[in-house]
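Engineer: below is the structure, and that's it, no one-letter string:
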């Protein structure tokens with residue numbers, strides 16, 4: 001749950017890197033919430049509950065995906081490879097599953113090994 005909250009707190013932050021755990025756990029909780037809200041909307045007779053949630057979490061989901069690509073030392077534009085039917089989705093999935101580059105890369109230091117901070121402290 002901490003990763004889900006972290007992604008939401010970094011709502012539109014496309015800079016930096018995101019660990020695999022942050023990306024996949026955010027997506028897991030996001031899908032669980034979408035499923036629950038879809039069910040609640042079905043029972044209430046409206047689709048607007050899940051639709052509203054989807055609109056609100058679209059930008060954080062996009063941002064964490066770009067940061068995940070940054071962790072593998074790829075530009076965020078690689079996200080568009082997923083638009084190629086079948087092959088593009090598989091290539092994107094491989095990029096998202098692979099371990100990030102060790103140490104630093106052009107997008108910053110590796111987030112692996114550093115303690116999770118919901119409110120990062122500015123460097124002194």
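Structural biologist: In hand now; what should we look at? In this text the structure is predicted, and so the values were computed from the model without any measurement. Numbering: from 1, shown residues only.

Engineer: make it CA atoms for all contacts and neighbour counts henceforth
Structural biologist: OK.

Engineer: backbone dihedrals for the residue nearest to residue 89 when sequence neighbours are not counted, both of them.
Structural biologist: With CA to CA, 6 or more residues apart in numbering as the criterion, residue 89 has its nearest non-adjacent residue at 4.4 Å, and that residue is residue 82. When read as degrees, to the nearest 10, the backbone of residue 82 gives phi -70, psi -10.

Engineer: contacts only, for residue 82.
Structural biologist: With contacts defined as CA atoms under 8 Å, 6 or more residues apart in numbering, the neighbours of residue 82 are 88, 89, 90, 91, 92.

Engineer: repeat that for 10 Å
Structural biologist: 88, 89, 90, 91, 92, 93 (CA atoms under 10 Å, 6 or more residues apart in numbering).

Engineer: the residue positioned nearest the centre of the chain: what secondary structure?
Structural biologist: Closest residue to the average C-alpha location of the chain: residue 64 at 2.9 Å, with CA atoms, centre = their mean. Under DSSP: H, G, I helix; E, B strand; the rest coil, the three-state class of residue 64 is helix.

Engineer: I'd assumed residue 5 was in contact with it.
Structural biologist: No: counting by CA atoms under 10 Å, residue 64 does not reach residue 5; the two are 11.9 Å apart.

Engineer: need the residues touching each of those two.
Structural biologist: Once CA under 10 Å, 6+ apart is applied, the residues that residue 64 and residue 5 both contact turn out to be 11, 22, 26.

Engineer: the last one belongs to a helix?
Structural biologist: The reference is to residue 26. Yes: using three-state DSSP, the assignment for residue 26 is a helix.

Engineer: could you measure from the spatially closest residue to it that is not a sequence neighbour over to residue 78?
Structural biologist: Distances taken as CA to CA, 6+ apart place residue 4 nearest to residue 26, at 4.5 Å, with adjacent residues excluded. Computed as CA to CA, to the nearest Å, the residue 4 to residue 78 distance reads 23 Å.
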